[in-house]
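J.: coordinates only, no sequence provided:
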């Protein structure tokens, strides 16, 4: 008998917000390991809101998942069998294994050996993984953020937003975050070092609340929410401001025809604004340098992490669905498989 694998698969195309009923558990037996391949036991897995764009039957920047296919996700894996010259039993890696408890790799794709023992292991699928790298390259390459500028971060208590704000502070920016809930806002200012945090649940005029903290305007908007938030912020942008389109958590579950659009597009002309999105794997050659910097900050305690932990492979759908619940606990959602 070979190794048994359990995985979470898509039950069918999803309409609206995802629920746990949209997923199911599948089990199969893995064939003997081929030459050049590695078998990983998955120790920890994460969930990402961007996966939602692949679950409704239409393609985004990646091909839509079909019913019965394993859901995308990033994991920490331990080698339990290897026929690959560069990998040995016991090695640890961050990899794009999807939602499963065993994964066979041919050594290609997103597969990164974990050699730095200083950060917590799960940080390699959090602030040292895709969320943190999205924040790093969004600010460095896309926004070209500079000391003295004002940075506005939406969904600021999420893993990407919290990373962007803290990186912004390291770069010398004034950082304002928008989040939902007093506890999130308190964490942003008291722990993560944001200069100000605005509770969108309590603000009747979000633009006015932002202006109160940024009376001279915003130089960089790092948006994780969607078109309505970008449109609200456009009149607040300073000349030659930059907008980083990082995520669209408010729009992922909404059909394209029903999504809000942009009205204040004249600001792109009058204020010479620039808006650009990013797919972080375009920057993968720069990951090692960025991770080394951030691992040092984690080690010296100047970069704060927050996680919400779940137990068992079967908890992955609930962890994913909670990403779209504004009242849920906040932090990087990690499932101990």
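T.: Okay, I see it. Fair warning: this is a prediction, and the values are worked out from it, not measured in the lab. Numbers count the residues shown, from 1 in each chain.
J.: for residue 266, give its distance to residue 23.
T.: 44 Å (C-beta to C-beta, to the nearest Å). The way it works is simple: take the backbone N, C-alpha and C, and place the C-beta from them, glycine included.
J.: those two: who's more crowded?
T.: Using other C-beta atoms under 10 Å as the criterion, residue 266 and residue 23 rank with residue 23 on top: 23 against 10.
J.: which residue ranges form the helices in this protein?
T.: 130-137, 159-170, 182-190, 206-213, 227-233, 266-270, 287-299, 316-322 (DSSP state H).
J.: looking at the last one now, give me its mean pLDDT.
T.: Which is helix 316-322. Mean pLDDT, helix 316-322: 96.
J.: which strands or helices does that helix pack on?
T.: strand 23-29, strand 307-311, strand 332-336 (3 or more C-beta pairs under 8 Å, 6 or more residues apart in numbering; DSSP states H and E).
J.: on that earlier part again, for the helices of the chain, which one sits closest to residue 256?
T.: helix 227-233 (10.8 Å; C-beta to C-beta).
J.: from residue 308, how far off is the spatially most central residue of the chain?
T.: With distances taken as C-alpha atoms, centre = their mean, the residue of the chain nearest its centroid is residue 131 (3.6 Å). Using C-beta to C-beta, residue 131 is found at 13 Å from residue 308.
J.: quickly list what's touching both of the two.
T.: Jointly contacting residue 131 and residue 308 under the rule C-beta atoms under 8 Å, 6 or more residues apart in numbering are residue 332.
J.: out of the helices of the chain, which is the most enclosed?
T.: Most buried of those, by mean neighbour count (mean count of other C-beta atoms under 10 Å): helix 159-170, with a mean of 27.
J.: angle of that one against helix 182-190?
T.: Helix 159-170 runs at 30 degrees relative to helix 182-190, counting by axes from the mean of the first three to the mean of the last three C-alpha atoms, to 10 degrees.
J.: centre of the chain versus helix 159-170, how much separation?
T.: 12 Å (C-alpha atoms, centre = their mean, to the nearest Å).
J.: and it, what other elements does it pack with?
T.: helix 130-137, strand 150-154, strand 174-179, strand 218-223, helix 287-299.
J.: just send these back as TSV, with distance to residue 78 and mean pLDDT too.
T.: Output for the helices and strands packed on helix 159-170, formatted as TSV (distance: least, C-beta to C-beta, whole Å; pLDDT from 0 to 100):
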stretch	distance to residue 78	mean pLDDT
helix 130-137	20	97
strand 150-154	34	98
strand 174-179	35	97
strand 218-223	34	98
helix 287-299	20	96
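J.: which one of the helices of the chain lies nearest to residue 28?
T.: Short answer: helix 316-322, nearest of the helices of the chain by C-beta to C-beta, at 17.2 Å.
J.: for stretch 27-46, which residues meet the burial criterion?
T.: 33, 37-40, 42, 44-46 (16 or more other C-beta atoms under 10 Å).
J.: on that earlier part again, out of the helices of the chain, which is closest to residue 115?
T.: helix 287-299 (10.3 Å).
J.: which strands or helices does the closest one pack on?
T.: helix 130-137, helix 159-170.
J.: one step back: among the helices and strands packed on helix 159-170, which comes closest to residue 93?
T.: Of the helices and strands packed on helix 159-170, nearest to residue 93 by C-beta to C-beta is helix 287-299, at 13.5 Å.
J.: name the residues that touch that closest one?
T.: Outside helix 287-299, the residues touching it (C-beta under 8 Å, 6+ apart) are 112, 116, 118-120, 123, 127-128, 132-133, 136-137, 140, 166-167, 170, 303, 305.
J.: repeat for stretch 111-125
T.: Against stretch 111-125 from outside (C-beta under 8 Å, 6+ apart): 43-46, 74-76, 91-96, 105, 128-129, 287, 291-292, 295, 298-299, 305, 307, 332, 334.
J.: what about it, distance to the chain center?
T.: Going by C-alpha atoms, centre = their mean, where stretch 111-125 is centred and where its chain is centred differ by 16 Å.
J.: where does pLDDT dip in the stretch 1-150 of the chain?
T.: Along the stretch 1-150 of the chain, the parts satisfying pLDDT under 70 run over 1, 58-62.
J.: hang on, residue 109 packs against residue 98?
T.: No - in this structure residue 109 lies outside contact range of residue 98 using C-beta atoms under 8 Å: 11.0 Å.
J.: looking at those two now, which is surrounded by more residues?
T.: Neighbour count, other C-beta under 10 Å: between residue 109 and residue 98, residue 98 has more, with 21 against 9.
J.: ok, the more buried one to residue 312 distance?
T.: From residue 98 to residue 312 the distance is 16 Å (C-beta to C-beta).
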